[in-house]
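Peer 1: Sequence first, predicted coordinates after that:
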Amino acid sequence: MGTPLNLKNPTTFNEKLQWLKLNDHNPLYPSLVDKYEVRQFVKDTIGEQYLIPLLGVYNTAEEVVFSSLPETFVLKPTHTSGDVILCKERNQLSPELTKQKMNAWLQKRYFWGLREWPYKHIKPRIICESMIQTEDGRSPKDYKIFCFHGVPQFAFVASDRGVDTKFDFFDVDWNRQPVKQHYATSSYDLPKPQQWDEMLRLARNLSKDIPHVRVDFYIDASGSILFGELTFFHFSGLEKFEPGSYDMLLGSWIDLAAL
């Protein structure tokens, strides 16, 4: 980040995420970052209707029977972040190459890279989910809501995934914010979705009693809200905000004295 890490008196968002890695070891967190186990938490907290339909969960790549899967589906490991196979035409997918990729996933131990401790305790598995259908046939926009002590405070929309990813930041009243992080911002308008107030309500429920967590949602072609994931360490606390004042702003919303 270009500055010394202050763990005695952390003030920025990125500093406080490092502090939380070391000090906030709630035993619930591993099940919340496990992409299979979190489904039960979501079902119990906001309802099963917000879950992407599950097609299978596998301990080994060899358990996946591709002929039994629909034409479109998504494969991802339960225990890492960012790994995914989007299958839009099953007949165009090589089972052998796909199994090689899944076996490589199963060998990963995500914790050791960035020390995000909840991942250390997850059983490596593969899950298969239905492909989210969108009106334009492209990857769905990802609505990511930063929650602090159970209160949604900030958000961004990830769009153009797989083509030229854009991150556009908003406050919870859907005012665009002049900040950039890692990816470029878009040059087009992003209207507030009709489901926004409902997403904020759901994020509030899912983040209750947690010092900080990012709650992610999608909206499918029918207008339904679908849960994406819970993220405790956005960019692992290792990505600059431009301008840096937003690092301080988000950091101000984490009250470490409350832990």
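Peer 2: Yep, it's here. Numbers count the residues shown, from 1 in each chain.

Peer 1: All the strands of the stretch 51-200 of the chain, residue numbers only.
Peer 2: For the stretch 51-200 of the chain, applying DSSP state E, counting those that start in this stretch gives strands covering 54-58, 73-77, 85-87, 126-129, 142-148, 151-159, 166-171.

Peer 1: Now tabulate those strands in JSON lines and tack on mean pLDDT, distance to residue 32 and mean neighbour count.
Peer 2: In this view, the C-beta of every residue, glycine as well, is placed from N, C-alpha and C. Formatted as JSON lines, the entries for the strands of the stretch 51-200 of the chain read as follows, by pLDDT from 0 to 100; distance: least, Cβ to Cβ, whole Å; neighbours: other Cβ atoms under 10 Å:
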{"stretch": "strand 54-58", "mean pLDDT": "98", "distance to residue 32": "17", "mean neighbour count": "15"}
{"stretch": "strand 73-77", "mean pLDDT": "97", "distance to residue 32": "16", "mean neighbour count": "21"}
{"stretch": "strand 85-87", "mean pLDDT": "94", "distance to residue 32": "23", "mean neighbour count": "17"}
{"stretch": "strand 126-129", "mean pLDDT": "98", "distance to residue 32": "15", "mean neighbour count": "22"}
{"stretch": "strand 142-148", "mean pLDDT": "98", "distance to residue 32": "13", "mean neighbour count": "22"}
{"stretch": "strand 151-159", "mean pLDDT": "98", "distance to residue 32": "17", "mean neighbour count": "19"}
{"stretch": "strand 166-171", "mean pLDDT": "98", "distance to residue 32": "23", "mean neighbour count": "18"}
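
Peer 1: Tabulate the ones you listed in TSV, adding columns for distance to residue 223.
Peer 2: Converted to TSV, these look like this (distance: least, Cβ to Cβ, whole Å):
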stretch	distance to residue 223
strand 54-58	21
strand 73-77	20
strand 85-87	22
strand 126-129	19
strand 142-148	13
strand 151-159	16
strand 166-171	20
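
Peer 1: out of those strands, which comes closest to residue 5?
Peer 2: Ranking those by proximity to residue 5 (Cβ to Cβ) places strand 142-148 first, at 20.8 Å.

Peer 1: chain center to that closest one, what's the gap?
Peer 2: Averaging C-alpha coordinates over strand 142-148 and over its chain gives two centres that are 9 Å apart (Cα atoms, centre = their mean, to the nearest Å).

Peer 1: same for it, what does it pack against?
Peer 2: Packed against strand 142-148 by the contact rule (3 or more Cβ pairs under 8 Å, 6 or more residues apart in numbering; DSSP states H and E) you find strand 151-159, helix 196-206, strand 212-219, strand 225-231.

Peer 1: if you set the cut-off to 10 Å instead, what comes out?
Peer 2: When contacts are defined as 3 or more Cβ pairs under 10 Å, 6 or more residues apart in numbering; DSSP states H and E, strand 142-148 sits against strand 151-159, strand 166-171, helix 196-206, strand 212-219, strand 225-231, helix 245-252.

Peer 1: how about these, which one is nearest residue 1?
Peer 2: Distances from residue 1 to each of the helices and strands packed on strand 142-148 were compared using Cβ to Cβ; the shortest belongs to helix 245-252, at 8.8 Å.

Peer 1: Quick one: list the elements packing against that closest one.
Peer 2: For helix 245-252, the elements it packs on are helix 13-23, strand 142-148, strand 151-159, judged by 3+ Cβ pairs under 10 Å, 6+ apart.

Peer 1: one more time with 7 Å, if that's ok
Peer 2: Counting contacts by 3 or more Cβ pairs under 7 Å, 6 or more residues apart in numbering; DSSP states H and E, helix 245-252 packs against helix 13-23.

Peer 1: What is the subsequent helix or strand relative to the helix it packs on?
Peer 2: Per DSSP states H and E, the first helix or strand lying C-terminal to helix 13-23 is helix 29-33.
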